[in-house]
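**Student:** Structural data only, the sequence is not supplied:
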């Protein structure tokens with residue numbers, strides 16, 4: 001599955017962005033999916049995950065109450081709604097297939113999208 005994240009950009013602290021994740025060549029609707037991020041000089045970390053039906057959700061503590069993961073299986077797209085963004089949310093955001101709930105993934109990484117939050 002080749003995944004591509006989009007929707008990043010430059011936003012002021014307190015602002016919002018919505019990221020999208022789509023796949024080329026295969027449908028996403030059958031997969032558990034997750035959002036991850038990698039800040040400059042840091043390791044990649046989990047952000048949020050969603051089951052294939054959307055019935056199960058997982059959030060890292062640092063995004064709870066601010067970010068929402070959801071999906072539209074008819075559009076084969078997974079989203080990450082990010083509100084009340086903070087400068088420490090600045091990172092390249094990636095989506096990937098979750099192979100072991102809630103955050104383990106063994107697939108290769110696709111193209112991420114850069115989110116920059118200014119103070």
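**Tutor:** Received it, and whenever you're ready, just let me know what you need. Note that the structure is a prediction, hence the values are computed from the model and not measured.

**Student:** In this structure, which residue is most central in space?
**Tutor:** residue 35 (2.7 Å; Cα atoms, centre = their mean).

**Student:** strand partners of the helix or strand hosting that one, parallel vs antiparallel please.
**Tutor:** Here residue 35 sits within strand 33-38, counting by DSSP states H and E. Within its sheet, strand 33-38 is paired with strand 45-50 (antiparallel), strand 91-97 (antiparallel), according to DSSP bridges.

**Student:** Show me what the longest one is in contact with.
**Tutor:** Applying Cβ atoms under 8 Å, 6 or more residues apart in numbering, the external contacts of strand 91-97 come out as 1, 3, 5, 8, 19, 21, 31-40, 42, 44, 47, 78, 80, 105, 107, 109-110, 112-115. C-beta here means a position set from N, CA and C on the backbone, and glycine is covered the same way.

**Student:** Using just helix, strand and coil, how would you label residue 62?
**Tutor:** State at residue 62, reduced to three classes by DSSP: H, G, I helix; E, B strand; the rest coil: helix.
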